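A.B. asks: heads up, no residue letters with this:
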């Protein structure tokens, strides 16, 4: 009986440990394409979208730098350990956020990163990707999410970008 109990306890611990590991495994990079500007009483302009990004970014500790007309670079540093950089393209009608680079975010470059040739264990990466998809199934930005096949990185990147976009939409709705 003790052996059975010990086996069950070890098995449960192994399952929990694998789930925790899968949550930190790289997932395919997600870009957000043509997210529409929310409808408000005040008509949107490209300048208003830019201002919304600047204000929202400031509240979430992102550093946003204008690159050219209609293009911003957004940089987020978490606890001086993790850095992500995204390119934002915007118009009066909508915006797109695309992964540009990162530091210390488990980035894996290459085609078909979810195939068996990846450095991370494929089964863990696929389960991490499924967990990420389930996490955002009801998120309003999910219809605009485009999964890239040329890289994978830590799942928090997507979380941070979605928070930024939610703050941007909040700024736009506030007028």
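C.D. replies: Here it is on my side, so go on. Keep in mind that what you see is a predicted model, and the values were worked out from it rather than measured. Numbering: from 1, shown residues only.
A.B. asks: Need the contact partners of stretch 127-147.
C.D. replies: 22-35, 114, 155, 158, 162, 165-166, 169 (Cβ atoms under 8 Å, 6 or more residues apart in numbering). For every residue, glycine as well, the C-beta is placed using N, CA and C.
A.B. asks: 7 Å instead, please
C.D. replies: Contact partners of stretch 127-147, identified using Cβ atoms under 7 Å, 6 or more residues apart in numbering, comprise 22-23, 25, 27-28, 30-35, 114, 155, 158, 162, 165.
A.B. asks: Where do the helices of this protein begin and end?
C.D. replies: 2-24, 46-59, 122-135, 156-174 (DSSP state H).
A.B. asks: of the contacts of stretch 127-147, closest to residue 97?
C.D. replies: residue 32 (4.6 Å; Cβ to Cβ).
A.B. asks: what residue is smack in the middle of the protein?
C.D. replies: The centroid of the chain falls nearest to residue 158 when counting by Cα atoms, centre = their mean (0.9 Å).
A.B. asks: contacting residues for the nearest residue to that residue once chain neighbours are set aside?
C.D. replies: Of all residues not flanking residue 158 in the chain, residue 30 sits nearest, at 5.1 Å (Cβ to Cβ, 6 or more residues apart in numbering). Going by Cβ under 7 Å, 6+ apart, residue 30 touches 145, 146, 147, 158.
A.B. asks: Show me just the buried residues among these.
C.D. replies: 145, 158 (16 or more other Cβ atoms under 10 Å).
A.B. asks: biggest separation within the contacts of residue 30, which pair?
C.D. replies: 146 and 158 (11.8 Å).
A.B. asks: any low-confidence regions in this structure?
C.D. replies: Applying pLDDT under 70 to the chain flags residues 1-24, 111-126.
A.B. asks: Flag every buried residue along stretch 157-169.
C.D. replies: For stretch 157-169, by 16+ other Cβ under 10 Å, it's 157, 158, 160, 161, 162, 164, 165, 167, 168, 169.
A.B. asks: neighbours of the closest residue to the fifth one other than its chain neighbours, just the number please.
C.D. replies: The shortest distance from residue 162 to any residue that is not its chain neighbour, by Cβ to Cβ, 6+ apart, is 5.6 Å, and that residue is residue 141. Neighbouring residues of residue 141 were enumerated by other Cβ atoms under 10 Å; the total is 17.
A.B. asks: do residue 26 as well
C.D. replies: The burial count for residue 26: 24, using other Cβ under 10 Å.
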